[in-house]
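Asks: Structure of the sequence below:
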Amino acid sequence: MSDEEPTHITIKEIQDKCFSAIQELCEKYKDDQYMLQRLNTRVVNYLANELAYDNKRHERNQNRNTYLTTEKDVFIQVFLNQNKYYYVNANNSFFQYNNKNYIIVKEDDIIHNLLSTISKNRVLLDWKHKTKKRVISLIKERSLFSSIPETETIQNVLNVLYPSIFETKSQAKYFLTILGDNILKKNQQLIFLVSPLMKQLLNEIDLISSICIGSANTTNNFMTKYHENHTYNNCRLLKINDKFSFDFWKNIIQKKGLDLLCVAAHYSSRYENSDKFLETKADEDLKKYAFFLKNISQKEIINQFCNKCLQTVPESNKSCIEWKNLHFIWKQYLGELSLPNIIYSAALKLILREQYQYDEETDSFINITSKYLPIERDFINFWEKNITVNSENSEMELELDELCAIFKYWNKTNNEAVLSNKSINEDYILKILKHFFSNIEIIDNKYLLNVSCKLWNKKDTIIASFDFIKNQINENHKLPLISFDDVYKYYCQYCNANAHKFIVSKNYFEKFLCTQIEEFIVFNKFIKIDLFLENKL
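Replies: Residues are numbered from 1 along each chain as shown. Alright, predicted model coming up:
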């Protein structure tokens, strides 16, 4: 007899149906005494016992189902708590969190773990397929981005970002909240302006996001250049360390990428969105910087620049600033504030022409000056008088620190130079070169190719040191070979002994040796002493 689910029916309806059924049977067997007797026996003697048995069996099955249902629910609750599985619908992927790291797992592995656990439990063996189906269904309802990372996971992710990439932990958290907003499709109208140094990092995060969670646009609203179509109100600024090197952190980012995405989603949920994070959690410096463009107009930015960097002077002074110089001062102003180029040069020039007198013929602004001008003018003057550029001479080369040292020396000793209060450093000289001498080939922001300076003939100083070096070798070396390192040390001793202002780098010194005494060199960086001493160079 099957356990059928009871149907709602009244007693009167049951009585009518039962009486009708017995009447039909009595009518059917009215001429058959045997069947009438059997009907009587069944109804009078057996029916009550059979119904009592059915009732007990039904109650037993009900109790068992209730017990197993409770056991199943408790088992699932405990299993999903002990095994933190999650799901991403976008790419039909399952994930597991071990309270330290997030990892991608296969559905088959989840099922194997689940069935193995059920087998150990044994109570649910008969319901294992029903339990499995329910567990997988519940996991698919648990979004990966609903998980709450433990403190250790969060700190590990923050340690990747701070202090190597971001100067403060607050900046790192802000970056994560922005990423989380993108993952959860919030604040999609915002544009985040960042340094070009972040491009490789953002590309790697996009790749990890595409592979792990099926989203290829996690960083699409990060921009390394401002576009005039971007409204200031929707622009936010994010600063990173100027010396950040992605190559060093690439492998770490790859290993922690999924953790980073999950922590980012958690921060977005926790703080609501990146703007709310700035308003409620960020320090004032970060808040002010990130919201800089939101709270200002193009005209106000230029007015601030003019007030800080430019001064009007009487016509009798006959002062003027060429546009290329003024544009350079503008770029340095932006750099000091860690701002991207937020106004196109044509628009900037147009607004400045409305405020200052402009000479079209000389492309200059009249009756203004700037305290930032002397160093640029000095350097250009220095360059034009002392630097030679010859693209056909590949052996000519100056290093940026050498150029900076020569310029400082020239600036101190040349009577025509105007001393500047602004510190002269390599970064600033590099900016001047890139702005005013963009045709110069610069490798790794360090080596200026095909460039020489008349104030310092690098080759001549090396050749002049050879007699001194030979004397040192005669006095101190008994072996047949001498290393480049030792030769360079003697060169430095010679320069110091003769009060030379400048000393060539070890890299240049070795390249010079390789070209000038190639036939004396063995094992890449050793010189045959006898041949070197015998030859006059």
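Asks: which residues of the protein score low on pLDDT?
Replies: Where the chain drops to pLDDT under 70, the residues are 1-8, 63, 67-68, 393-394, 415-423, 536-537.
Asks: one more time with 50
Replies: Low-confidence segments of the chain (pLDDT under 50): 1-3, 417-422.
Asks: Show me the domain layout of it.
Replies: If you go by automatic domain parsing, the domain ranges for the chain are 83-146, 151-290, 298-365, 373-453, 459-534.
Asks: quick one: residue 327 and residue 425, what's the gap?
Replies: Relative to residue 425, residue 327 is positioned 21 Å away (C-beta to C-beta, to the nearest Å). (Glycine included, C-beta is placed from N, CA and C.)
Asks: that older thread, in a markdown table, list the domains of the chain along with mean neighbour count and distance to residue 39.
Replies: Formatted as a markdown table, the domains of the chain follow (neighbours: other C-beta atoms under 10 Å; distance: least, C-beta to C-beta, whole Å):
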| stretch | mean neighbour count | distance to residue 39 |
| --- | --- | --- |
| domain 83-146 | 15 | 40 |
| domain 151-290 | 18 | 70 |
| domain 298-365 | 15 | 98 |
| domain 373-453 | 15 | 107 |
| domain 459-534 | 15 | 114 |
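Asks: Is it possible to get CSV of those that adds distance to residue 33?
Replies: Below are the domains of the chain laid out as CSV (distance: least, C-beta to C-beta, whole Å):
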stretch, distance to residue 33
domain 83-146, 49
domain 151-290, 79
domain 298-365, 108
domain 373-453, 116
domain 459-534, 123
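Asks: Quick one: closest of the ones you listed to residue 71.
Replies: Set against residue 71 and scored by C-beta to C-beta, the domains of the chain come closest in domain 83-146, at 5.3 Å.
Asks: what ranges do the strands span in the stretch 1-150 of the chain?
Replies: Using DSSP state E, counting those that start in this stretch, the strands of the stretch 1-150 of the chain run over residues 84-88, 93-97, 102-105.
Asks: which residues touch residue 312?
Replies: For residue 312, the contacting residues are 356, 367, 368, by C-beta atoms under 8 Å, 6 or more residues apart in numbering.
Asks: How about residue 187?
Replies: Residues near residue 187 by C-beta under 8 Å, 6+ apart: 181, 273, 274, 275.
Asks: one more time with 6 Å
Replies: Taking C-beta atoms under 6 Å, 6 or more residues apart in numbering, we find residue 187 in contact with 181, 273.
Asks: secondary structure class for it?
Replies: Reduced to three states with DSSP: H, G, I helix; E, B strand; the rest coil, the structure at residue 187 is coil.
Asks: Where is the longest helix in this structure?
Replies: Longest helix in the chain, counting residues (DSSP state H): helix 47-82.
Asks: Could I get the buried residue list for it?
Replies: Neighbour-count burial for helix 47-82 flags 68, 72, 75, 76, 79 (criterion: 16 or more other C-beta atoms under 10 Å).
Asks: Centre-most residue in the chain?
Replies: Residue closest to the average C-alpha location in the chain (C-alpha atoms, centre = their mean): residue 201, at 4.0 Å.
Asks: Confirm that that residue sits in a strand.
Replies: No - judged by three-state DSSP, residue 201 forms no part of a strand; its state is helix.
Asks: ok, so what distance separates it from residue 193?
Replies: For residue 201, the distance to residue 193 - C-beta to C-beta - is 15 Å.
Asks: got it, and residue 129?
Replies: Separation of residue 129 from residue 193 (C-beta to C-beta): 55 Å.
Asks: Let me have the strands of the stretch 1-150 of the chain in a markdown table, adding distance to residue 169 as columns.
Replies: Formatted as a markdown table, the strands of the stretch 1-150 of the chain follow (distance: least, C-beta to C-beta, whole Å):
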| stretch | distance to residue 169 |
| --- | --- |
| strand 84-88 | 26 |
| strand 93-97 | 23 |
| strand 102-105 | 21 |
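Asks: And the ones you listed: which comes nearest residue 114?
Replies: Nearest to residue 114 among those is strand 84-88 (9.3 Å), distances taken as C-beta to C-beta.
Asks: Need the contact partners of that closest one.
Replies: Strand 84-88 is contacted by residues 94, 95, 96, 97, 110, 139, 140, 142, 144, 147, 213 when judged by C-beta under 6 Å, 6+ apart.
Asks: farthest pair in the residues you listed?
Replies: Spatially, the most separated pair among the contacts of strand 84-88 is 110 and 213, at 17.7 Å (C-beta to C-beta).
Asks: re the thing from before, can you name the two of the buried residues of helix 47-82 that sit furthest apart?
Replies: Using C-beta to C-beta, those reach their maximum pairwise distance at 68 and 79, which is 15.3 Å.
Asks: ranges for the strands of the stretch 301-450 of the chain?
Replies: Secondary structure of the stretch 301-450 of the chain (DSSP E, counting those that start in this stretch): strands at 311-312, 320-322, 357-359, 364-366, 368-369, 387-389, 397-399, 442-443, 447-449.
Asks: Neighbouring strands of the fifth one in the sheet, and parallel or not?
Replies: Same thing as strand 368-369. Neighbouring strands of strand 368-369 in its sheet, by DSSP bridges, are strand 311-312 (antiparallel).
Asks: Same check on the last one?
Replies: With DSSP bridges as the criterion, the sheet partners recorded for strand 447-449 are strand 397-399 (antiparallel), strand 442-443 (antiparallel).
Asks: Make a markdown table from those and add distance to residue 43 to it.
Replies: Below are the strands paired with strand 447-449 laid out as a markdown table (distance: least, C-beta to C-beta, whole Å):
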| stretch | distance to residue 43 |
| --- | --- |
| strand 397-399 | 114 |
| strand 442-443 | 107 |
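Asks: For residue 166, which of the ones you listed is the nearest?
Replies: Here strand 442-443 is closest among the strands paired with strand 447-449 (C-beta to C-beta), at 27.9 Å.
Asks: Which residues does the closest one contact?
Replies: residue 448.
Asks: ditto for stretch 386-398
Replies: Outside stretch 386-398, the residues within contact range by C-beta under 6 Å, 6+ apart are 448, 449, 450, 451, 452, 453, 454, 455.
Asks: which among these gets closest to residue 38?
Replies: Among the contacts of stretch 386-398, residue 449 lies closest to residue 38 (C-beta to C-beta), at 115.8 Å.
Asks: Hmm, that closest one is touching residue 441, no?
Replies: Yes - Residue 449 is within contact range of residue 441, at 4.5 Å (criterion: C-beta atoms under 6 Å).
Asks: Residue 22 and residue 268: what is the separation?
Replies: Residue 22 sits 72 Å away from residue 268 when distances are taken as C-beta to C-beta.
Asks: what's the answer for residue 435, then?
Replies: Distance from residue 435 to residue 268, by C-beta to C-beta: 40 Å.
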